[in-house]
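Participant: could you look at this predicted model? Sequence included:
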Amino acid sequence: MRKILILIIVAISSNGICLAQKDKVYDELESSLSNAKQSASYANDALDYIQKCYSADNLDDIQYYAKKAENEIDDAKSQAGDASSDASDAEDEADDIDCDDAEDEANDAESYFHNAQSNFYDAYIYLGRVEYLDDTDNIKYNLRCAKSAIEDGLDDISDGLSNLNDAVDELNDCN
C-alpha cells in the first residue's frame with residue numbers, strides 16, 4: 001500500500017512539474033507575441049511618418065518627419081529583438097519538455113523576428129541619412145528604401161506571429 005501511495009505521489013508531482021514547464025513555454029510565447037505586436041505598431045507609426053514626409057512642403061518638415069520615423073523604427077527594431085529573444089527562450093523551454101514541434105515553430109518565429117529586426121535596422125539607417133540630405137532625389141530614394149525595408153520587416157513580423165500561433169497549437173498537443 002505504501003509503495004502505491006509513493007507511486008501516486010511521484011506521478012502527480014511529475015505531472016505538476018511538466019505542467020509548470022509547459023507554463024514557462026506559454027509565458028515566453030506570450031511575451032514574444034506582445035513584443036512582436038508592439039514592434040509592428042511602431043513600424044506602422046514609422047510608415048505614417050514617412051507618408052507625412054511625402055506630403056511635407058519644405059525640407060525642414062521632411063527632415064522632422066523622417067526623424068520621427070527614425071525614432072519609431074528604432075523602437076520597432078528593439079521590440080523585434082525582444083520578440084526574437086523570447087521566442088528563443090520558448091524554443092529552449094519546449095526542448096526541455098521534449099515538445100519538438102513547438103520547439104521548431106518557436107525557432108522559426110525567432111528567425112522571422114530576427115529578420116524583422118535586421119530590416120528595421122536597414123530602415124533606421126536610410127531614415128538617418130535624410131536628416132543630412134538636401135537633394136530631393138536622394139531624400140526620396142532613402143525614404144523609398146526605408147519604406148521598403150519596413151514593409152519587409154512587417155512581413156517578417158506577420159510570419160513570426162503565425163509561427164507563434166502554431167507553436168501554441170503544437171504545445172497544446174504535447175503530452
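Facilitator: Good, I have the coordinates. Residues are numbered from 1 along each chain as shown.
Participant: what's the closest non-adjacent residue to residue 120?
Facilitator: In this structure, residue 120 finds its nearest non-sequential neighbour in residue 77, 3.8 Å apart by C-beta to C-beta, 6 or more residues apart in numbering. Just so you know, the C-beta spots here come from the backbone N, C-alpha and C atoms, and that holds for glycine as well.
Participant: where does residue 133 sit: helix, strand or coil?
Facilitator: coil (DSSP: H, G, I helix; E, B strand; the rest coil).
Participant: give me the pLDDT for it.
Facilitator: As predicted, residue 133 sits at a pLDDT of 93.
Participant: cool, the one 10 residues further on as well?
Facilitator: The model reports residue 143 with a pLDDT of 98.
Participant: got a list of what it touches?
Facilitator: Contacts for residue 143 (C-beta atoms under 8 Å, 6 or more residues apart in numbering) come out as 50, 53, 54, 66, 126, 127, 130.
Participant: show me the shaky parts of the protein.
Facilitator: 1-20 (pLDDT under 70).
Participant: and the helices in this structure?
Facilitator: With DSSP state H as the criterion, the chain has helices at 2-55, 59-96, 100-130, 136-173.
Participant: share the number of residues neighbouring the residue nearest to residue 44 when sequence neighbours are not counted, please.
Facilitator: Excluding the flanking residues, the one nearest residue 44 by C-beta to C-beta, 6+ apart is residue 154, at 7.4 Å. Residues within reach of residue 154, counting by other C-beta atoms under 10 Å, total 20.
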